[in-house]
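[1] quick one, fold the following:
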Amino acid sequence: MSLWYKIGAIMKKSLLHSLTAQILLGLVAGIFLGWLRPDWGVAIKPVADIFLRMIKMIIAPLIFSTLVIGIAGAGDFRKVGRIGLKAMIYFEVATTIALVIGLVTVNVFKPGESISKPAQSSIQAAPGASTTAPSITPAQHSGKEFIVNIFPTSVVDAMARGDILQLVIFSLFFGMGLAALGEKGKPLVSVLNALAETMFKFTNLVMRFAPFGVLAAIAATIGSKGLGVLKGYASLVACFYGALVFFVFGVLFLVCVIIRVPFLRLFKAIREPFTIAFTTASSEAALPTAMESMEQFGCPRDIVGFVLPTGYSFNLDGATLYLSLASIFVAQVFGVPLDIKTQLAMMLTLMLTSKGVAGVPRASLVILAGTVSTFNLPMEGVALLLGIDQILDMGRTATNVTGNCVATAVVARWEGVLDDEKMASNSTN
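    Purely as a prediction, here's the structure:
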């Protein structure tokens with residue numbers, strides 16, 4: 001009797017104190033609520049919106065403060081450039097591999113052929129989706145426009161719009177200016193350091209609301225679209241998630257082996273941001289906890305403050321894998337033959353246009369619409385994917401976050417500053 005009481009007490013304590021367990025309970029509860037009472041599930045969606053807004057108000061001051069103190073504290077401009085170059089090299093290699101995996105998967109398993117070919121004039125969309133092409137403006141930017149657009153005209157405007165890349169650029173220049181002040185800038189560095197610590201505490205407070213936000217988000221999705229949303233799309237979902245699993249436990253695992261980081265230990269450290277990303281389908285929602293988790297894992301703050309936010313624009317592994325798979329999927333559904341040259345041209349286009357995709361739900365649909373339009377594929381194919389995009393977005397967002405956390409560890413190891421002792425001690429907690 002006493003033994004079972006102790007086991008129950010331990011489990012109860014674990015559930016009460018583990019945010020991951022609480023979030024998972026919220027996930028399960030949300031599925032059942034949306035399934036059994038769809039009207040209730042849809043009605044509580046504002047709770048999820050409030051949670052996401054609370055997260056988003058943390059991001060700008062957190063990125064600004066951590067990145068600036070990392071640069072100003074180091075006072076070494078060459079170090080910043082070196083870190084940036086190493087991060088960009090890794091980002092390009094990782095996203096290229098993700099694109100190739102998506103391309104190979106869709107060509108081998110051909111999930112589009114399992115769906116009956118609809119007439120372009122009267123497409124039969126997925127349950128809950130519009131039967132017309134979505135009114136999305138393709139994000140077609142030339143290389144020059146992209147370069148110009150990463151420089152903000154106003155940092156306040158960049159913060160208000162949640163443009164992470166513009167915020168990173170401003171923070172880089174602000175940090176270099178502050179570092180050039182030398183001793184005169186030390187008081188402001190101290191203030192920003194206090195701001196960063198405050199934002200991490202702020203994050204901990206907001207995360208207490210996470211289980212309720214997750215419950216509401218999942219309940220609203222299931223309540224509005226139903227569990228039957230996967231019917232007829234099982235092949236696509238299976239192919240996509242199979243490709244994601246291969247990328248995470250194949251490619252990212254191999255990367256961790258190469259840089260001498262225990263993958264399961266790293267995955268354990270980021271389990272909370274991973275769960276947040278998966279359940280909310282928002283990379284931004286997971287950013288504050290991901291930054292805190294990677295710092296606790298043993299990555300220096302200046303590395304975390306630079307690599308993670310930059311990766312949100314240049315290293316969206318899950319999104320790029322999805323884009324390559326989804327583009328060919330649309331062609332397969334409508335029976336449009338694409339030779340290897342055309343497919344490689346599509347991959348090159350995606351490699352460029354996927355940079356700068358905002359880490360928010362549905363951003364990948366904008367890039368997909370642009371690619372479909374560029375290669376004269378039926379725009380109705382994007383509408384086909386809308387009905388199950390929430391299911392797909394959950395997986396690609398969680399992969400984005402995982403890939404960026406691995407990228408942070410890679411750059412930290414490459415710089416020789418990954419704290420192995422801290423990493424080892426953190427794994428026992």
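[2] switch to C-alpha atoms for all contacts and neighbour counts from now on
    OK.
[3] buried stuff in stretch 82-92?
    Using 16 or more other C-alpha atoms under 10 Å as the burial criterion, the residues of stretch 82-92 that qualify are 83-84, 86-88, 90-92.
[4] would CSV of those residues with distance to residue 250, secondary structure and pLDDT be doable?
    Converted to CSV, those look like this (distance: C-alpha to C-alpha, whole Å; DSSP: H, G, I helix; E, B strand; the rest coil; pLDDT from 0 to 100):
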residue, distance to residue 250, secondary structure, pLDDT
83, 25, helix, 86
84, 26, helix, 82
86, 22, helix, 92
87, 21, helix, 90
88, 21, helix, 88
90, 16, helix, 95
91, 17, helix, 92
92, 18, helix, 90
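[5] ranges for the strands of the chain?
    In the chain, no segments count as strands under DSSP state E.
[6] just the C-alphas of stretch 343-351, formatted as PDB.
    Presented in PDB, the C-alpha positions along stretch 343-351 are these (Å, rounded to 0.1, in the frame of the first residue of the first chain):
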ATOM      1  CA  GLN A 343      12.400  19.900 -60.500                       C
ATOM      2  CA  LEU A 344      15.900  21.000 -59.900                       C
ATOM      3  CA  ALA A 345      15.000  24.500 -61.000                       C
ATOM      4  CA  MET A 346      12.100  24.500 -58.500                       C
ATOM      5  CA  MET A 347      14.500  23.400 -55.800                       C
ATOM      6  CA  LEU A 348      16.900  26.300 -56.700                       C
ATOM      7  CA  THR A 349      13.900  28.700 -56.600                       C
ATOM      8  CA  LEU A 350      12.800  27.400 -53.200                       C
ATOM      9  CA  MET A 351      16.400  27.600 -51.900                       C
END
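[7] and it, average pLDDT?
    Stretch 343-351 shows a mean pLDDT of 81.
[8] chain center to that stretch, what's the gap?
    Offset of stretch 343-351 from its chain centre (C-alpha atoms, centre = their mean, to the nearest Å): 21 Å.
[9] show me where the stretch 101-250 of the chain has its helices.
    Ranges of helices in the stretch 101-250 of the chain, per DSSP state H, counting those that start in this stretch, are 143-149, 155-161, 164-180, 186-207, 210-225, 234-246.
[10] nearest to residue 67, out of those helices?
    Of all those, helix 164-180 sits nearest to residue 67, with 6.3 Å by C-alpha to C-alpha.
[11] buried residues in the closest one?
    Quick answer for helix 164-180 (16+ other C-alpha under 10 Å): 164-172, 174-179.
[12] between the buried residues of stretch 82-92, which is nearest residue 40?
    Using C-alpha to C-alpha, these come closest to residue 40 at residue 91, 41.9 Å.
[13] phi first, then psi, for the residue nearest to that closest one when sequence neighbours are not counted.
    Excluding the flanking residues, the one nearest residue 91 by C-alpha to C-alpha, 6 or more residues apart in numbering is residue 315, at 5.0 Å. Main-chain dihedrals, residue 315, degrees, to the nearest 10: phi -140, psi 50.
[14] I'd assumed residue 403 was in contact with residue 315.
    Yes. At 7.3 Å, residue 315 counts as touching residue 403 under the criterion of C-alpha atoms under 8 Å.
[15] and the two? Which one has more around it.
    Neighbour totals were compared for residue 315 and residue 403, and residue 315 leads with 32 against 26 (other C-alpha atoms under 10 Å).
[16] show me the contacts for that one.
    91-92, 94-95, 355, 400, 403-404 (C-alpha atoms under 8 Å, 6 or more residues apart in numbering).
[17] coming back round to it: of all the helices of the stretch 101-250 of the chain, which one is nearest residue 69?
    When the helices of the stretch 101-250 of the chain are ranked by proximity to residue 69 (C-alpha to C-alpha), helix 186-207 comes first, at 5.9 Å.
[18] remind me what the closest one packs against, helices and strands.
    Secondary-structure packing of helix 186-207 (3 or more C-alpha pairs under 8 Å, 6 or more residues apart in numbering; DSSP states H and E): helix 45-74, helix 283-297.
[19] can you list contacts of the last one?
    Read it as helix 283-297. By C-alpha under 8 Å, 6+ apart, helix 283-297 touches 52, 55-56, 58-59, 62, 200, 203, 266, 269-270, 272-274, 276-277, 301, 304-305, 308-309, 312, 359-360, 397-398, 400-401, 405, 408-409, 419, 422-423, 426.
[20] now with 7 Å, please.
    Residues lying outside helix 283-297 but in contact with it, judged by C-alpha atoms under 7 Å, 6 or more residues apart in numbering, are 52, 55-56, 59, 203, 269-270, 273, 276-277, 301, 304, 359-360, 397, 401, 405, 422-423, 426.
[21] what is the mean pLDDT for that helix?
    The model assigns helix 283-297 a mean pLDDT of 88.
[22] can you show me the CA trace of that helix as CSV?
    The C-alpha trace of helix 283-297 is given here as CSV (Å, rounded to 0.1, in the frame of the first residue of the first chain):
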residue,chain,number,x,y,z
SER,A,283,8.2,28.9,-34.2
GLU,A,284,8.0,32.2,-32.5
ALA,A,285,6.0,30.7,-29.6
ALA,A,286,9.0,28.4,-29.0
LEU,A,287,11.8,30.9,-29.4
PRO,A,288,12.1,32.2,-25.9
THR,A,289,12.2,28.8,-24.3
ALA,A,290,14.5,27.5,-27.0
MET,A,291,17.0,30.3,-26.2
GLU,A,292,16.8,29.6,-22.5
SER,A,293,17.1,25.8,-23.0
MET,A,294,20.2,26.1,-25.3
GLU,A,295,21.9,28.4,-22.8
GLN,A,296,21.3,26.0,-20.0
PHE,A,297,22.5,23.2,-22.3
